[in-house]
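Participant: Model the following, please.
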Amino acid sequence: MSTLIYVYDPMCSWCYGFRPTWKAILQGLPDGVTVQTRLGGLAPDSDSPMSDAMRDKLAATWHRIESMCQVNFDHGYWDQRPNPPRSTYIAGRAVRAAQSMGLPEWDMVEAIQNAYYQSRANVWDAKVLVEIAQNLGLEADAFATALETIWAQHEQEVRATAQMGVTGFPSLVWEHKGELGLLPIDYGQAQTTLAVIRQLST
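Facilitator: Below is the predicted model:
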């Protein structure tokens, strides 16, 4: 039995760009391959405004991703919030908190990504994440509590992901008989990854 492990951060712009490709990979997987996900840690909790250099780098990255992938960004985000904090861990906690309440993982992931990249939402703000969860049908107070109590679990997952040797997001890890290996990622071209998976699965 082989396992495909998708490692991501909900606020990673490349993960957002990879979303259509990931869906295509899932649809094309050969029989017998199981799928797991792991949260990585892109940027720890912080209230400090990001530097001008980081802002300019991310703004340029959004344009690059948009040219390569089938996704759109609201670039006006950087005019509205020129120096937001670079803090993504809370979005990961929000995904796992929503899951703990019965919401499918990708419902929350896509809601966070859409709010951030298409609607200029501060998804590093707990209040905004509570609103997103509520819009998805979760009870607000219960979600807010889950968001706080899931902290240690998330930290443990991030550490475990780092121990896998993953250094960037998104990453695709192939696990077979206890051995791990990174798979190629070709943004917008699912067949590149699927061809390797089919070869490894034979």
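
Participant: just the helices in this protein please.
Facilitator: 13-28, 52-68, 77-80, 89-100, 105-119, 126-135, 140-149, 151-163, 190-201 (DSSP state H).

Participant: Any idea which of those helices gets closest to Asp45?
Facilitator: Closest to Asp45 of those is helix 89-100 (CB to CB; 5.3 Å). Every residue, glycine included, has its C-beta placed from N, CA and C.

Participant: Which positions in that closest one come out as buried?
Facilitator: 89-99 (16 or more other CB atoms under 10 Å).

Participant: try stretch 102-119
Facilitator: So stretch 102-119, judged by 16+ other CB under 10 Å, has buried residues 103, 107-109, 111-113, 115-117.

Participant: what does stretch 190-201 give?
Facilitator: For stretch 190-201, using 16+ other CB under 10 Å, the buried residues are 190, 193-194, 197, 201.

Participant: quick one on the thing from earlier: nearest to Gly41, out of the helices of the chain?
Facilitator: Using CB to CB, those put helix 151-163 closest to Gly41, at 3.9 Å.

Participant: in that closest one, what's buried?
Facilitator: Quick answer for helix 151-163 (16+ other CB under 10 Å): 154, 157-158, 161.

Participant: Just put the residues you listed in TSV and tack on distance to Gln80 and pLDDT.
Facilitator: Below are the buried residues of helix 151-163 laid out as TSV (distance: CB to CB, whole Å; pLDDT from 0 to 100):
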residue	distance to Gln80	pLDDT
His154	28	96
Glu157	32	96
Val158	29	95
Thr161	32	94
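
Participant: So which elements touch the helix or strand bottoming out on mean pLDDT in the chain?
Facilitator: The weakest-scoring helix or strand in the chain, judged by mean pLDDT, DSSP states H and E, is helix 77-80 (a mean of 90). Applying 3 or more CB pairs under 8 Å, 6 or more residues apart in numbering; DSSP states H and E, we find helix 77-80 packed against helix 52-68.
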